[in-house]
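K.L.:
Just the structure for this:
(one chain, ligands or ions: 1)
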Amino acid sequence: MSQNQRTIGGPITFSGKGLHTGELVTMTVNPAPADSGIVFRRIDLKGAPEVAALAHNVCDTSRGTTIKSGKAKVATIEHILSALWTMGVDNATIDIDAPETPIMDGSAREYAAEIERVGTIEQDAPRNYFSVEEEFCFEIAKKGVKVVISPAEEYSVDVIVDYNSEVVGRQHFRYDSSVSYPEAIAPCRTFVFLHEIELLLKLGLIKGGSVESAIVVVEKPISDSTKKRICKVFGKDDIAVERGYLNHQRLRFDDEIARHKLLDILGDLALLGRRIKGHVEALRPGHYANTQMAAQLENKISDK
Ligand SMILES: [Zn+2]
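P.N.:
Here you go, the predicted model:
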């Protein structure tokens, strides 16, 4: 069934730190006219340059998805994009005063709550769809990463994660129109393996990170000295290890990691700028594979 485009019911504002840069950022999502798509505007830069949330603008996928156009660059766009697009917003102008979106609690919970609060408005233009007519595949065989899109009338996404981790195990979650995004997907937080944290700190990433904004997976018992170091990094007096997860908070779902991967892929595939009619199956997906898939579909559209 074809539907009309929608925009956000009114401006919604978020403030917080960027996960990687640690910079304070304020971001306001504003209504936008039909056919404008989702566009970021760097209001801290001269002339407020814009960058459209489209696959050909992706310039980096190392820890999140970064888009760039001219001088305007915005990092970690996937969570706000996931919430807006999946909750029916086709058009929005996002004013942001820093090069990265706020990480919030590592999930899209607050975004979803604000979108629900102001609602969406139907616009006088039909939605643009991409009907998948043949199978598309992107694979990194040696990493066990594979994203496949096949023909289907409705949009649905299956995510399977398996990191050979006893803690995480094999997890599967499926999104389709029967799933409540605000309840089942938006609250799921980003995650990181403990052994990655020290490396990320060395690389100057995750400056704004804290135990509250990510699930930390601990695969082996940690020594007291490691625990002390981690406490210092996160500015905590003590950190509890529970069920293999380093955190003060409990998991929001047993399969929160697969659900967060689903949150991410919904955001990354929104970079197509069209509603997909097709079924996505993603094994161990990541931002690189997701955005490569969005680019493949985008190329298919421009070939026509
Ligand atoms: Zn994410």
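
K.L.:
What about the residue of the stretch 201-304 of the chain found nearest the ion, how many residues nearby?
P.N.:
Nearest to the ion, among the residues of the stretch 201-304 of the chain, is Asp264, at 4.2 Å (Cβ to the ion). In short, each C-beta sits where N, CA and C put it, glycine included. When neighbours are defined as other Cβ atoms under 10 Å, Asp264 has 25 of them.

K.L.:
secondary structure class for it?
P.N.:
Asp264 carries the three-state label helix when classified by DSSP: H, G, I helix; E, B strand; the rest coil.

K.L.:
all strands for the stretch 151-300 of the chain, in order.
P.N.:
For the stretch 151-300 of the chain, the strands defined by DSSP state E, counting those that start in this stretch cover 156-162, 170-175, 191-193, 215-217, 241-242, 245-246, 275-283.

K.L.:
Give me the distance from the third one to the chain's centre.
P.N.:
On the basis of Cα atoms, centre = their mean, to the nearest Å, strand 191-193 sits 15 Å off its chain's mean C-alpha point.

K.L.:
Please say whether there is contact between it and the ion.
P.N.:
No - Strand 191-193 is not in contact with the ion by Cβ under 5 Å from the ion; minimum separation 8.5 Å.

K.L.:
contacts for the host helix or strand of Ser302?
P.N.:
Using DSSP states H and E, Ser302 sits in helix 287-303. Helix 287-303 has contacts (Cβ atoms under 8 Å, 6 or more residues apart in numbering) with 54-56, 58, 61-65, 78, 130, 132, 136, 138, 140, 145-147, 149, 264-265, 268-269, 271-274, 276, 280, 282.

K.L.:
Sort out for me which of the residues you listed are in helices.
P.N.:
Using DSSP state H, the members of these that fall within helices are Glu78, Asp264, Ile265, Asp268, Leu269.

K.L.:
Would you reformat these as TSV and include pLDDT?
P.N.:
Shown next, in TSV, are the ones in helices among the contacts of helix 287-303 (pLDDT from 0 to 100):
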residue	pLDDT
Glu78	98
Asp264	98
Ile265	98
Asp268	98
Leu269	98
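
K.L.:
Out of these, which is nearest to Tyr155?
P.N.:
Of all those, Tyr155 sits closest to Leu269, with 9.0 Å by Cβ to Cβ.

K.L.:
from what I can see the closest one touches Ile276, true?
P.N.:
Yes - with contact defined as Cβ atoms under 8 Å, Leu269 reaches Ile276; the gap is 6.5 Å.
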